[in-house]
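>>> Fold the following.
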Amino acid sequence: MIAALREHCPWMGALTHESLVEYLLEEAYEVAETIETGADEAELKGELGDVLLQVVLHARLAEERGVFGFGDVARGLTQKMIRRNPHVFRPDGSLQDTFPATVEEIVRKWDAVKRAESPQRRTPFEGIPVALPALAQAQKTLDRAERAGLQAPAAERTPLVELAETIQTEAELGELLLAVVRSARDRGFDAERALRGAVRRYQNRHPETSAPGS
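Numbers count the residues shown, from 1 in each chain. Just a heads-up that it's a prediction; the model follows:
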């Protein structure tokens, strides 16, 4: 179907990897919104189909150039999951006889495989997309740092920090973050840029650290 659309639909025929980027991001955010707002399963199914369409389109563009096809994408993903989950699969893809009991053990095995795959990476932060929204980049950075045994960024005992430590729910956290952004906006600051800068400064304090990639 996609091959036919590429051949006979002028709009589809003009698509490129570059022009599809905005749609891939948009569709991913729509899936997230569908899940977070508790939409029905039929809507989620449709949104997942829209994301899959983006994958199929990118694979078709590559296939037209003789590089790879959708089957290659699926096989590569399967091989990657087998390789990165030795606690579940043997190298031939068959199941192990026993399985780890803790998430911590799973994470250690996953990280060990990633280190072996990308030995050239020197810090735990390589592979975190710089285009991620600042909050997502901050959370992923702190997660990578914790798994690498790095010290979390120190925070002065300010009223805001003390208030943050009293947060009990995600709803409360959301209200606090919104209040911080509102205050930043009122004072002429760019909250996104400010957090991105703080994340970058923290990452730069650990320029050479052996840790897993993405």
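>>> other SSEs contacting the one helix or strand in the chain whose mean pLDDT sits lowest?
The weakest-scoring helix or strand in the chain, judged by mean pLDDT, DSSP states H and E, is helix 103-117 (a mean of 83). Applying 3 or more C-beta pairs under 8 Å, 6 or more residues apart in numbering; DSSP states H and E, we find helix 103-117 packed against helix 70-84. Just so you know, the C-beta spots here come from the backbone N, C-alpha and C atoms, and that holds for glycine as well.
>>> switch to 10 Å and redo it
helix 70-84, helix 134-147 (3 or more C-beta pairs under 10 Å, 6 or more residues apart in numbering; DSSP states H and E).
>>> So for the longest one, what gets flagged as buried?
Going back to what we said before, that points to helix 70-84. For helix 70-84, burial by neighbour count (16 or more other C-beta atoms under 10 Å) applies to 70, 73, 82, 84.
>>> Tell me who's in contact with the first one.
With contacts defined as C-beta atoms under 10 Å, 6 or more residues apart in numbering, the neighbours of Phe70 are 2, 52, 55-60, 62-63.
>>> For Arg144, state which of the residues you listed is nearest.
Using C-beta to C-beta, Val55 comes nearest to Arg144 of the contacts of Phe70, at 25.8 Å.
>>> what about this structure, any weak spots by pLDDT?
Residues of the chain meeting the criterion pLDDT under 70: 101, 155, 208-214.
>>> And it, split by domain according to the record?
2-81, 85-117, 134-204 (automatic domain parsing).
>>> Out of the ones you listed, flag the one nearest Phe125.
Comparing the domains of the chain under C-beta to C-beta, the one sitting nearest is domain 134-204, at 4.6 Å.
>>> so how far is that closest one off the chain centroid?
18 Å (C-alpha atoms, centre = their mean, to the nearest Å).
>>> For that domain, give the distance from the opening residue to the closing one.
16 Å (C-alpha to C-alpha, to the nearest Å).
>>> Looking at the contacts of Phe70, which is nearest Ala145?
Checking the contacts of Phe70 one by one against Ala145 (C-beta to C-beta), the nearest turns out to be Val55, at 30.8 Å.
>>> got the angle between the helix or strand containing that closest one and helix 70-84?
Using DSSP states H and E, Val55 sits within helix 41-64. Counting by axes from the mean of the first three to the mean of the last three C-alpha atoms, to 10 degrees, helix 41-64 lies at 110 degrees to helix 70-84.
>>> what's helix 41-64 packed up against?
helix 2-8, helix 17-36, helix 70-84.
>>> rerun at 6 Å
helix 17-36, helix 70-84 (3 or more C-beta pairs under 6 Å, 6 or more residues apart in numbering; DSSP states H and E).
>>> I'd like to know the phi and psi angles of Phe89, please.
With angles defined as degrees, to the nearest 10, Phe89 sits at phi -110, psi 150.
>>> Look at it and say how many residues are nearby.
By the criterion of other C-beta atoms under 10 Å, Phe89 has 16 neighbours.
>>> Let me know whether it touches Arg83 as I believe.
No - Phe89 is not in contact with Arg83 according to C-beta atoms under 6 Å; the separation is 8.3 Å.
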